[in-house]
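# need coordinates for the below:
(chains A and B, ligands or ions: 3)
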Amino acid sequence: MPTVTFLNKQGRVAVDCQEGETLLQAGLRQGVPLPYGCGAGVCSTCVARARPGTVETDWADAPGAQNLKHDKGECLLCQSLVTDDCEILVPGKIDLAQTLAETPAHHRARLHDVALVAPDVATFQVSLEGQSDYTAGQYFLVRLEGMQGYRPYSMTDFQREAQTLNFVIKRIPNGKFSEEIFSNDVSEAKVDVFGPMGLATFDPSDPNEARDLVCLVGGSGIAGIMSVLDRAVSVNHFESHRLFMVFGVRRREDFFFLDELKRIKESAPDNVSIHLAVSEEEGSEELDAYRDFPLHQGFVHEVAERLGDGMFENRLAFLGGPPAMLTGSLALLLGAGLPVTDIRYDRFG
Amino acid sequence: MSDATETAWQQVCSTTDINDGELKRFETSEFAVVVARVGDEFRVIPPFCPHMAEPLHESGICRGGTLTCSKHLWQWNLLTGEEQGPAERPLVFYESEIRHGDVWAKVDQELVYEFDEEDDDDFEW
Ligand SMILES: Cc1cc2nc3c(=O)[nH]c(=O)nc-3n(C[C@H](O)[C@H](O)[C@H](O)COP(=O)(O)OP(=O)(O)OC[C@H]3O[C@@H](n4cnc5c(N)ncnc54)[C@H](O)[C@@H]3O)c2cc1C
Ligand code: FES
Ligand code: FES
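Ligands and ions are numbered 1, 2, ... in the order given. You can find the predicted model right below:
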């Protein structure tokens, strides 16, 4: 088994690399605090350097690899494989001598129970051969047998020692994984998964996070935030803290998870304030079964701006959704004086 | 001012092209720059994030004199270029001034961030 040595000015650490696993997976699995965002070739956060020719790239056309300086040996840790011992220079001021408190792992698993919950949105489950803990807001990398590459999906609830992970997926036209899920015949499929991953997390047992929350979410970006809210309800967080949430989709028929949001509202009706937004329809009348959720017209960050005067101070914020919504929401929260350390999100793309 | 110095300066945009708290990309004769406005102050910066070269006119958010890159939330004081929070590298500026309502900058040499500064002595490519 090849040995990979990660090094920078702060130190060096050597780990084993299993056949077929990426350098990022090898490092994280053995507790090395490597930089990453998506784990899937998109964000380029995991750029590092290897001696030219010592690593193989699994996906040369990855969006995150577009600006790599190949002459300097730059590679994406999440898309690089090795067959021999190698040294990897990790940029930034990361202390490689530190060890991650919780480490992700590989699992064999079974994907099943795909269910349509809105015209272009489905839930699915992944049952692990073993079990896994995770922190609310995290994701797993999922790879369908026979398909190249892992895709990240955020868990939609909070469990300890989870054996069955719950996900939600939006249909992406011509997206390989999503087309497979929406194609009707994937009643059951073998998958490899790696996780948990992701830093946009919520831990209400940390005194710093025992706070009021604000959640601004669009479409399937609600996935990880459902996990955050599930965790909050599990410790009766909203008995003593407030939630301000705006959940937006294009048209009324696109809403999903409203029963789950109702349960969150009912856990502490006075402290939980959930608003719905539609961007492509006039929103005036509330949805019949969900009269507790005022319906507005506009994009999530616009609705939040209209409603949220004085609402954001000192809150911990969770965002999820398409890039324009994230940028708009971020601008709103920064303008309201929230420090970046109190604003958490994963970029889906 | 000598001719050489004078040609090094170029008019980048009008002060009315940019609203308070906005970042916009402009082309000079040789390369692109981003102009940021904080109140009545203007700053002319390279168009890329000092972290991972994200195009700042898309990823940058300017609020209350602080520039935030939405990619990994590095932040800088827009008036001084100083790092804030997680940022590990300062923002650099082109020398600039306002002449008759236009933003002028000294763009004789392109400013680029040195992304390889962590290069390790053990590594000789
Ligand atoms: C942190 C994070 C969390 C996410 N959570 C969710 C969620 O909860 N729900 C949801 O619907 N979406 C989520 N996404 C988006 C999701 O991961 C997929 O990008 C999306 O479902 C489209 O996948 P696709 O296969 O249909 O599209 P495709 O365009 O076929 O592929 C999209 C992604 O698959 C990977 N990929 C594609 N081809 C290759 C290859 N040859 N080699 C290696 N990798 C490849 C890349 O990551 C690529 O961006 C998340 C993304 C991120 C970054
Ligand atoms: S973590 Fe490797 S590209 Fe996002
Ligand atoms: S690219 Fe701008 S903060 Fe990372």
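# show me the contacts for B:Asp102.
B:11-15 (C-beta atoms under 8 Å, 6 or more residues apart in numbering or on different chains). All C-beta spots, glycine's among them, are computed from the backbone N, C-alpha and C.
# just the ones of those residues in strands?
Using DSSP state E, the members of the contacts of B:Asp102 that fall in strands are B:11-14.
# what residues sit buried inside stretch A:166-181?
By 16 or more other C-beta atoms under 10 Å in any protein chain shown, the buried positions in stretch A:166-181 come out as A:166-172, A:177-178, A:180-181.
# and it with ligand 1, contact?
Yes. Stretch A:166-181 comes into contact with ligand 1 (C-beta under 6 Å from any ligand atom), by way of A:167-170, A:172, A:175-178.
# which one of those is nearest ligand 3?
Comparing the residues of stretch A:166-181 next to ligand 1 against ligand 3 with C-beta to the nearest ligand atom places A:Ile172 closest, at 24.5 Å.
# tell me who's in contact with that closest one.
A:178-179.
# over to it: give its phi and psi.
When read as degrees, to the nearest 10, the backbone of A:Ile172 gives phi -110, psi 120.
# coming back round to it: buried subset of the contacts of B:Asp102 as a PyMOL selection?
Of those, the buried ones go into a single PyMOL selection, burial set by 16+ other C-beta under 10 Å:
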select buried, chain B and resi 12+13
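# pLDDT and distance to A:Val126 added to the contacts of B:Asp102, as CSV?
As requested, the contacts of B:Asp102 are exported to CSV (pLDDT from 0 to 100; distance: C-beta to C-beta, whole Å):
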residue, pLDDT, distance to A:Val126
B:Gln11, 96, 58
B:Val12, 97, 53
B:Cys13, 97, 52
B:Ser14, 97, 56
B:Thr15, 97, 55
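# distance to ligand 1 added to the contacts of B:Asp102, as CSV?
Converted to CSV, the contacts of B:Asp102 look like this (distance: C-beta to the nearest ligand atom, whole Å):
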residue, distance to ligand 1
B:Gln11, 42
B:Val12, 36
B:Cys13, 35
B:Ser14, 40
B:Thr15, 39
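# how about the residues of chain A near ligand 1?
Residues of chain A found near ligand 1 (C-beta under 6 Å from any ligand atom) are A:38, A:40-42, A:58-59, A:139, A:148-149, A:151-154, A:167-170, A:172, A:175-178, A:198, A:220, A:223, A:346, A:348.
# which residues of chain A lie near chain B?
A:7-9, A:37, A:43-45, A:47, A:49, A:51-52, A:67, A:72-73, A:87, A:89, A:91-93, A:326-327, A:330-331, A:334-335, A:337, A:339-341, A:343, A:347 (C-beta under 8 Å from any C-beta of the partner chain).
# in ChimeraX, how would I select the buried members of those residues?
The following ChimeraX line selects those of the residues of chain A next to chain B that are buried, judged by 16+ other C-beta under 10 Å:
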select /A:7,8,37,43,44,45,47,49,72,73,87,89,91,92,326,327,330,331,334,340,343,347
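# hmm, A:Thr201 and A:Ala136 touching each other?
Yes. The pair A:Ala136 and A:Thr201 qualifies as a contact (C-beta atoms under 8 Å) at a distance of 6.1 Å.
# settle it for me: which of these two has more neighbours?
A:Ala136 (24 against 19; other C-beta atoms under 10 Å in any protein chain shown).
# many thanks, we can stop here.
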